[in-house]
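K.L.:
What follows is a predicted structure for the sequence shown.
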Amino acid sequence: AQTVTQSQPEMSVQEAETVTLSCTYDTSESNYYLFWYKQPPSRQMILVIRQEAYKQQNATENRFSVNFQKAAKSFSLKISDSQLGDTAMYFCAFTGTYKYIFGTGTRLKVLA
Amino acid sequence: NAGVMQNPRHLVRRRGQEARLRCSPMKGHSHVYWYRQLPEEGLKFMVYLQKENIIDESGMPKERFSAEFPKEGPSILRIQQVVRGDSAAYFCASSPNTGSSYNEQFFGPGTRLTVL
C-alpha cells in the first residue's frame, strides 16, 4: 500500500528564520510525483511545490525548496526567510497516476 | 480561466437529510476527483470520474454516497441520510486529459458540510 507519513504534527519558527518540514512515503512504483500543499484557514489547497521522481534535481520555488532523497523515500520541505503569511497547515502528497495520497499534515506557526 | 468551482461553500444539514455538493471543473478539463477531509486529517480520495463514467470509486463509502459527472453540467457528490460522521470538508479537483499516465489535479475551494 502507498502511504505518506508526516511525523511533525506542529512546528513553529521565528519570522525570517528557516524551517524544515519532514515527509516520508512508501511505494513500489518507479515513477511518481510528490507535492507540498499549503492549507491556510480558508481551507483552500494551494500547491507550494512539485517534484517528479525521475528528476534528480531538487525542486525550488522562491523561498521554498525540497530535499528529495529517492532511495530513503524522503521528501522534506524547507522554507527560508519565513513570513507570517506562511502560517498554515502543510500537507505532503504523493501520486503514481491519479489518486493523490496525503499525509496528516504539519501545522506551522510563524512567530513575530 | 476560472479555477475549479464548488458550491455551496458551506452546507448545513440535519441528520437524515440529503446533501448535494456540486463541482464545476476548469474549462477544458474532463476528469473530476472528489476527496474528503475529516477534521484534523489529510484529504482522502473518494472517487474519480470522467464524463458519464465512474472510473474508480474505491474510496467511496459503500452506502449512502454516490457521484456523477453528466455530459452536461457539474459533477455532483450526493450523500443520502447524512449522519454526524459525514461532517467534513469535501474537495473536488479536476485535470485535463493529456493522454499521459499523470494529469495534474487542480483543487477547488472545498465545501464544508456540517451535520447537526
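P.N.:
Received the coordinates, thanks.
K.L.:
How much space separates the residue of chain B found nearest chain A from residue A:70?
P.N.:
The nearest approach of chain B to chain A comes at residue B:42, 3.4 Å away (CB to the nearest CB). Bear in mind the C-beta positions are built from the backbone N, C-alpha and C, glycine included. When distance is defined by CB to CB, to the nearest Å, residue B:42 is 22 Å away from residue A:70.
K.L.:
more neighbours, these two?
P.N.:
residue B:42 (21 against 15; other CB atoms under 10 Å in any protein chain shown).
K.L.:
what pairs with the residue nearest to that one when sequence neighbours are not counted across the strands?
P.N.:
Distances taken as CB to CB, 6 or more residues apart in numbering or on different chains place residue A:102 nearest to residue B:42, at 3.4 Å, with adjacent residues excluded. Bridge pairing for residue A:102 (DSSP bridges) gives the partners residue A:93.
K.L.:
Double-check residue A:102 against residue B:43; I have them as touching.
P.N.:
Yes: here residue A:102 lies in contact with residue B:43, judged by CB atoms under 8 Å, at a distance of 4.7 Å.
K.L.:
where do the contact lists of these two overlap?
P.N.:
Here residue A:102 and residue B:43 share the contacting residues A:91, A:93, scored by CB atoms under 8 Å, 6 or more residues apart in numbering or on different chains.
K.L.:
Of those two, give the one with the bigger neighbour count.
P.N.:
In this comparison of residue A:102 against residue B:43, neighbours counted by other CB under 10 Å, the higher total goes to residue B:43 at 28 against 22.
K.L.:
That one and residue B:25, how far apart?
P.N.:
The separation that residue B:43 has from residue B:25, given CB to CB, amounts to 17 Å.
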